[in-house]
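In: Quick one: sequence plus predicted model below, questions after.
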There are 2 protein chains.
Amino acid sequence: MKPGRLIGLSLGPGDPGLITRKAWEALRGNALWCYPIRKRGAESFALSIVKRAGLTVPKEAKALIFPMTSERGKLNQAWAVAAKELFEVLSSGRDALFLVEGDASTYSTFAHLARSLKALEPRVEIEVLPGVTSFHAAAAHLQEPLALEGDTFAVIPAGYGVEVIRRLLPEFDCLVLLKVKPLLDELIQLIEEEGLSAEARFIEKVGTPEERIETEIKKLRGEKVNYLSLLILRHPQRQRGALIQGCKKKTPEQTKL
Amino acid sequence: MKPGRLIGLSLGPGDPGLITRKAWEALRGNALWCYPIRKRGAESFALSIVKRAGLTVPKEAKALIFPMTSERGKLNQAWAVAAKELFEVLSSGRDALFLVEGDASTYSTFAHLARSLKALEPRVEIEVLPGVTSFHAAAAHLQEPLALEGDTFAVIPAGYGVEVIRRLLPEFDCLVLLKVKPLLDELIQLIEEEGLSAEARFIEKVGTPEERIETEIKKLRGEKVNYLSLLILRHPQRQRGALIQGCKKKTPEQTKL
């Protein structure tokens, strides 16, 4: 029998209204729902989004465990176990949805699951439904663009540290810093040293009922923030080079907005 | 009378299935549709997405002109004219949707329209509905993640030229290059020189019926490609620094996936 398909289903960052029409249709179909949890009995953030969308979680929906660790051996083992459990479902010919918050191609466990499944059975068909990311939702809520034409932007796990971020600042009109929790005080200091306080924005749990936006960054000093937090640093005074458009070289003045 | 609201409505990159539920609901409401065109009589890509979604474009839907120029004076004037036309609608108390392809915060004319409108009448309420970007849809179609945990990625208009891109390569696990058309041959040469051909992907008009994916970059040498084209360069051999997670310093070995 032909195995079922695995569908990586992006749910967007938290607001059920940001689920795409395609993902919504898939959720209302016959595929088995699978979703990631950190350990047995833990809550699933992805599942909380579909619950808030008003959908009833099917009793048969399957939790797959993705432990919070950076030990490669443990991770490989967990991905292999999850892929094996998933393949048992697909072997019956039934499709499975793997529910992920945000976008399935952007910092998601989905990529590991899909790779492990392909290693187990290369013939399995996979489809990925893209979604809205947390930083795009954050920019929308702030009503401040991530990028205007000619802008550069980068997404960086803050854990690389302030020196990496400082080094990249001259190249980017906007930096999105993820997982800022353990470095928040250092980042606030960097932002102040670089004169970017007026343009810096902090967003926690975007699109959820607990969403918090802070535009006065210094207020966060010493605070414990949620794991799902990010900083958006705009850099409007950046000196940028000329931009080639349609083979015609423009001066920086012409390209600056 | 209280003026109507302006809603920046992101439609995603082209596939009508990637319109969010919230945007879909707004499209089926009573707000006036507005959409950008380059010049009088030109086609609107945004409008083509809603047409393919099966919606009928209301007769009263309003085209706003955003010329293709980098001359700041002409642009400012065009944005002011569009804002004035839009404000006439809003003054009647009716809401207006501004339809944009991709995401309204990411390289969209919406930011200029919103700013010009606020300059005209600061009391106008604005809402932005985020959407799926072309590069997130491209990653989904390729079934290759833009970023795994700990990865850095950047989005760069290719017009900055190959030397800027070469300089940024050591810092990024993934570079998304936009508007590659005028520099495609130079970019192919750069990709080959840097030994990244096997990981480079070209995507044209993602999510539309004309979508084209090319994984053998060298095949594109000398070709004329569409304006809506991008390159995704993954950089799996990058030497990266240690990552601080939860205040604990990891070795590069531990953080590399």
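Out: Okay, I see it.
In: how about the strands in the stretch 101-250 of chain A?
Out: Taking DSSP state E, counting those that start in this stretch to define them, one finds strands in the stretch 101-250 of chain A at A:126-129, A:153-157, A:174-178, A:200-204, A:212-214, A:229-234, A:244-245, A:248-249.
In: List the buried residues of the longest helix anywhere in chain A.
Out: The residue-count maximum for a helix in chain A (DSSP state H) belongs to helix A:72-91. By neighbour count on 16 or more other Cβ atoms under 10 Å in any protein chain shown, the buried set for helix A:72-91 is A:75, A:78-79, A:82-83, A:86-87, A:89-90. Any C-beta I mention is one placed from the backbone N, CA and C, and that applies to glycine too.
In: Mean confidence (pLDDT) on that helix, please.
Out: The average pLDDT for helix A:72-91 rounds to 95.
In: so what secondary structure elements neighbour it?
Out: strand A:32-37, strand A:62-65, strand A:96-100, helix A:110-120 (3 or more Cβ pairs under 8 Å, 6 or more residues apart in numbering or on different chains; DSSP states H and E).
In: Contacts for the first one, please.
Out: In this structure, residues lying in contact with strand A:32-37 by Cβ atoms under 8 Å, 6 or more residues apart in numbering or on different chains are A:27, A:43-44, A:46-47, A:50, A:57-58, A:60-66, A:86, A:89, A:94-100, A:109.
In: Mind doing that once more with 6 Å?
Out: For strand A:32-37, the surrounding residues in contact (Cβ atoms under 6 Å, 6 or more residues apart in numbering or on different chains) are A:44, A:46-47, A:58, A:61-66, A:89, A:94, A:96-99, A:109.
In: what's the angle from it to helix A:72-91?
Out: 170 degrees (axes from the mean of the first three to the mean of the last three Cα atoms, to 10 degrees).
In: Name the strands paired with strand A:32-37 and say parallel or antiparallel.
Out: Strand A:32-37 has the following strand partners under DSSP bridges: strand A:62-65 (parallel), strand A:96-100 (parallel).
In: tell me the most buried of those?
Out: strand A:96-100 (a mean of 26; mean count of other Cβ atoms under 10 Å in any protein chain shown).
In: For A:K118, grab the count of nearby residues.
Out: The tally of other residues near A:K118 (other Cβ atoms under 10 Å in any protein chain shown) stands at 15.
In: State the distance from it to B:Y107.
Out: The spacing between A:K118 and B:Y107, counted by Cβ to Cβ, to the nearest Å, is 33 Å.
In: for A:I49, same thing?
Out: On the measure of Cβ to Cβ, A:I49 and B:Y107 end up 27 Å apart.
In: quick one: A:D151 and chain B, what's the gap?
Out: From A:D151 across to chain B, the span is 7 Å (Cβ to the nearest Cβ, to the nearest Å).
In: One more: A:A31?
Out: For A:A31, the distance to chain B - Cβ to the nearest Cβ - is 16 Å.
In: Which residue, other than its chain neighbours, is closest to A:K118?
Out: A:V124 (6.7 Å; Cβ to Cβ, 6 or more residues apart in numbering or on different chains).
In: just checking, that neighbour touches A:P3?
Out: Yes - checked against Cβ atoms under 6 Å, the pair A:V124 and A:P3 is within contact range at 5.4 Å.
In: per-residue confidence at A:H136?
Out: So, for A:H136, pLDDT stands at 98.
In: Spit out the contact partners of it.
Out: B:103, B:130.
In: cool, and A:F110?
Out: A:8, A:98, A:100, A:104 are the contacts of A:F110 under Cβ under 6 Å, 6+ apart.
In: Which two of these have the greatest separation?
Out: A:F98 and A:A104 (7.8 Å; Cβ to Cβ).
In: joint contacts of those two?
Out: A:8, A:110.
In: who in the stretch 1-150 of chain A is up against chain B?
Out: A:17-22, A:24, A:70, A:103, A:105-107, A:111, A:126, A:128, A:130, A:132, A:136-137, A:139-140, A:143, A:145-150 (Cβ under 6 Å from any Cβ of the partner chain).
In: can you list contacts of stretch A:228-242?
Out: A:173-178, A:180-181, A:196, A:199-205, A:249-250, A:252, B:160.
In: Of those, grab the buried ones for ChimeraX.
Out: Per 16+ other Cβ under 10 Å, the buried members of the contacts of stretch A:228-242 correspond to this ChimeraX selection:
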select /A:173,174,175,176,177,178,180,181,196,199,200,201,202,203,204,205,250 /B:160
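In: follow-up on the earlier one: what's the closest of the buried residues of helix A:72-91 to chain B?
Out: Proximity of those to chain B (Cβ to the nearest Cβ) peaks at A:L75, which lies at 8.2 Å.
In: show me the contacts for A:E186.
Out: Per Cβ under 6 Å, 6+ apart, neighbours of A:E186: A:V162.
In: how near is it to B:K224?
Out: Applying Cβ to Cβ to A:E186 and B:K224 gives a distance of 48 Å.
In: now A:Y160
Out: For A:Y160 relative to B:K224 (Cβ to Cβ), the value is 39 Å.
In: try A:F135
Out: From A:F135 to B:K224 the distance is 33 Å (Cβ to Cβ).
In: Compare neighbour counts for the two and give me the winner.
Out: A:F135 (26 against 7).
In: Thanks again, I'm all set now.
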